[in-house]
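Novice: Mind looking at a prediction? Sequence and model below.
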Amino acid sequence: MNAPVKRKARILVVDDDPGLLRLLTIRLRAENYEVEPMENGVQALAAASRFRPDLVITDLRMDQLDGIGLLKELQIRWPGLKVILLTAHGTIPDAVHATQMGAFGFLTKPVEKQELLAQVQKALKISGFVDGAEDWRAGIVTRSAIIEEKLGQAHMVAGTDARVLITGESGTGKELLARAIHQASPRRAQPFIIVKCSGLTEEQLDGSLLRNAEGGTLLLHEVGALPMPAQLKLLQLLPKSTNQPPAASEPGPFNVRIISTTNQDLPALLASGAFRDDLYYRLNVVHIELPPLSRRREDIPLLVAHFLAEISRQTGQRRIFAPEAIELLATRDWPGNVRQLANIVRQSCALAQTPIIPVELVQQSLGGAQAKLPSFDEARDEFTRSYLSQILQITGGNVSQAARLAKRNRTDFYKLLGRHQLVPDDFKER
């Protein structure tokens, strides 16, 4: 069995002083950290989605997006991501205020090397980064930027005890992501217990469930299907926050991490009165939504190869799909998502008479499903709207700043927003 792949801890360093930025980068790289230097907060926020840092070190005072603004944006997108602020003597009160807002700590310029390294090591240890092992996500097969974004968010929250709600259609891998969060957390050596919520009675939902998961993680599978009486009982079992023990009348206290999954529209259930709003907010501290397979089609050939390798290990028979068959799989609709794709691959292998699976057999397994690959114009429009939304979110709805980042003049940028029905005010903080 191969040893787990190791990686360096990733640190995003942000400072508009080129000299200090270079010095910090050299010092951290000398300690075997992977460092991404950025000269301003706007660039850093965009880089964070790609780089997926384990720690951010940022200057407090910068143009466009300062350290406080960057901290707020990072907290929204990646709860649990540790941020260290760099501050001059005159801005120490601001840095203290920032730590009260959630920053891990601050360093005073000029930054002393040993103090820098000590803070970095402490922040990484608390964040849950352990030896750089990537085996926590080994069960998730992807090259999709969307899934990498979700994995980055999952890894950040894994270092905390914050409750997580994972939503998405059936077959998108919600349980796999929950297991990955558990594996990336300090609780990895403790139990991972799954409770199926559909039809769960009030009597079955007692303190023993939490006791069984003591020290580990409890996964509430399809929590949207939890009957109303059981919802009330669950609410009574859970303290209001992860740092607050249950009331004296409740069993416990329990040292358990709670992760919930659902394929249902919980806000719609709230509106209809079918799900308690107090339980919803108790469980939904961090929300991760997994996309359907139709939004990560680049993963289909990779997933097919993964399933074929699994089948080969189990049966000793090696199968491959003809190129036309792969093309057919990549252009079909997948209402059952990754789970449905896996079933189609297994069915095709079971029926195949030759090592190469022909396109006709795949078509037979698909049962005449219709292609849903978008046209070029549709795909371009979807990308443009997503890009505009992201850049407006980064700039807080500031059209002038957004236009500069997009390298378009204001008039053209306004036309683009109108064409894609985007309103800048919707992205401004209220």
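Specialist: Happy to help now that I have it.
Novice: For the residue nearest the centre of the chain, give me its contacts.
Specialist: For the chain, the residue nearest the mean C-alpha position is K150 (2.4 Å; CA atoms, centre = their mean). By CB atoms under 8 Å, 6 or more residues apart in numbering, the contact list for K150 reads 177, 288-291. (Glycine included, C-beta is placed from N, CA and C.)
Novice: Which helix or strand contains it?
Specialist: Assigned by DSSP states H and E, K150 belongs to helix 145-158.
Novice: same check, this time on W334
Specialist: Per DSSP H and E, there is no helix or strand for W334.
Novice: what about it, neighbour count?
Specialist: Counted by other CB atoms under 10 Å, the residues lying close to W334 total 22.
Novice: Distance check, the closest residue to it other than its chain neighbours against L70.
Specialist: Nearest residue to W334 in three dimensions, chain neighbours excluded: L293, at 4.3 Å (CB to CB, 6 or more residues apart in numbering). Computed with CB to CB, to the nearest Å, the distance linking L293 and L70 is 33 Å.
Novice: how close does A350 get to R332?
Specialist: Using CB to CB, A350 is found at 19 Å from R332.
Novice: Between the two, which has more neighbouring residues?
Specialist: It is R332, of A350 and R332, that has more neighbours when counted by other CB under 10 Å, with 22 against 11.
Novice: Identify the bridge partners of the more buried one.
Specialist: A371 (DSSP bridges).
Novice: What are the neighbouring residues in contact with the residue nearest to W334?
Specialist: Contacts here follow CB under 8 Å, 6+ apart; on that basis L293 touches 171-172, 299-300, 334, 337-338, 340-341.
Novice: And the strands in the stretch 251-400 of the chain?
Specialist: Counting by DSSP state E, counting those that start in this stretch, the stretch 251-400 of the chain has strands at residues 257-262, 286-289, 320-321, 356-357.
Novice: same question for the second one, mean pLDDT?
Specialist: Read that as strand 286-289. Mean pLDDT, computed over strand 286-289, is 94.
Novice: What of the first one?
Specialist: Taken as a whole, strand 257-262 has a mean pLDDT of 96.
Novice: Might one say that P424 is in contact with L392?
Specialist: Yes. Contact criterion CB atoms under 8 Å: P424 and L392 qualify, at 6.1 Å.
Novice: These two: who's more crowded?
Specialist: L392 (25 against 17).
Novice: Nearest residue to the more buried one in space, please, no chain neighbours.
Specialist: F427 (4.2 Å).
Novice: cool, R319 as well?
Specialist: Nearest residue to R319, sequence neighbours excluded (CB to CB, 6+ apart): C349, at 4.9 Å.
Novice: and the angle from the longest helix seen in the chain to helix 145-158?
Specialist: Counting by DSSP state H, the longest helix found in the chain is helix 376-395. Counting by axes from the mean of the first three to the mean of the last three CA atoms, to 10 degrees, helix 376-395 lies at 30 degrees to helix 145-158.
Novice: mind listing what's buried in helix 376-395?
Specialist: Of all the residues in helix 376-395, those buried under the rule 16 or more other CB atoms under 10 Å are 385, 388, 391-395.
Novice: pLDDT and distance to F307 for those residues - can I get that in TSV?
Specialist: Listed next are those as TSV, based on pLDDT from 0 to 100; distance: CB to CB, whole Å:
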residue	pLDDT	distance to F307
R385	81	33
L388	86	36
I391	82	37
L392	82	39
Q393	76	36
I394	79	37
T395	80	42
